[in-house]
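J.: turn this into a structure:
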Amino acid sequence: MNKDQLNSVVSFHAVEAAFAAVSAVQTMPKAKQVVGVAVLFSVLCEELKLDPSELINKAQRISKDADGFFTREMKALRDYVQGELR
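T.: Numbering: from 1, shown residues only. Next comes the predicted model:
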C-alpha cells in the first residue's frame, strides 16, 4: 500500500467506504459486526504494514473533517452505531 494514497483519500470517500462496510455487515448480530470490523482493521494493518495508531489517528482526523463538511453522512454513521450496536 502506497502511504501517499492513504493521505490523498478525501473525507467523503472515506465516509462512503464506511457506509459500504456497514452495509456489508448490518444483517449480522451486533457483536459479530463489531468484532468482524475489528478483525478486518487488524488484518489490513498487519498485511499492509500499517501502524494501527497512525491509521486510527488519520481516521479520527477524517471523521472530524467529515463532520464539518458531510454532517448528515457522519450523523447517519453515528446514529447507526448508537441505535443498532449499543
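
J.: would you mark the buried spots in stretch 24-35?
T.: Gln33 (16 or more other CB atoms under 10 Å). Quick note: C-beta positions are derived from backbone N, CA and C, even for glycine.

J.: neighbouring contacts of that stretch?
T.: Applying CB atoms under 8 Å, 6 or more residues apart in numbering, the contact partners of stretch 24-35 are 36-37, 80, 84-85.

J.: what about the residue nearest to the spatial centre of the chain, helix or strand, and which?
T.: When the chain is reduced to its mean C-alpha position, the closest residue under CA atoms, centre = their mean turns out to be Ala18, at 4.6 Å. Using DSSP states H and E, Ala18 falls within helix 11-25.

J.: so which bits of that helix are buried?
T.: By neighbour count on 16+ other CB under 10 Å, the buried set for helix 11-25 is 11, 14-15, 18, 22.

J.: now that helix, how far from the centre of its chain.
T.: 7 Å (CA atoms, centre = their mean, to the nearest Å).

J.: what mean pLDDT does it have?
T.: For helix 11-25, the mean per-residue pLDDT is 93.

J.: tell me where this structure has helices.
T.: 3-7, 11-25, 30-47, 52-69, 71-84 (DSSP state H).

J.: what comes up buried for the shortest one?
T.: Neighbour counts using 16+ other CB under 10 Å place no residue of helix 3-7 among the buried ones.

J.: for stretch 48-57, same thing?
T.: Applying 16+ other CB under 10 Å to stretch 48-57 flags Leu50 as buried.

J.: ok, and what's touching it?
T.: By CB under 8 Å, 6+ apart, the residues outside stretch 48-57 that reach it are 1, 3, 6, 41-42, 44-45.

J.: and for stretch 77-86?
T.: By CB under 8 Å, 6+ apart, the surrounding residues in contact with stretch 77-86 are 15, 18-19, 22, 26, 30, 33-34.

J.: give me that answer again for 7 Å
T.: Stretch 77-86 has contacts (CB atoms under 7 Å, 6 or more residues apart in numbering) with 15, 18, 22, 30, 33-34.
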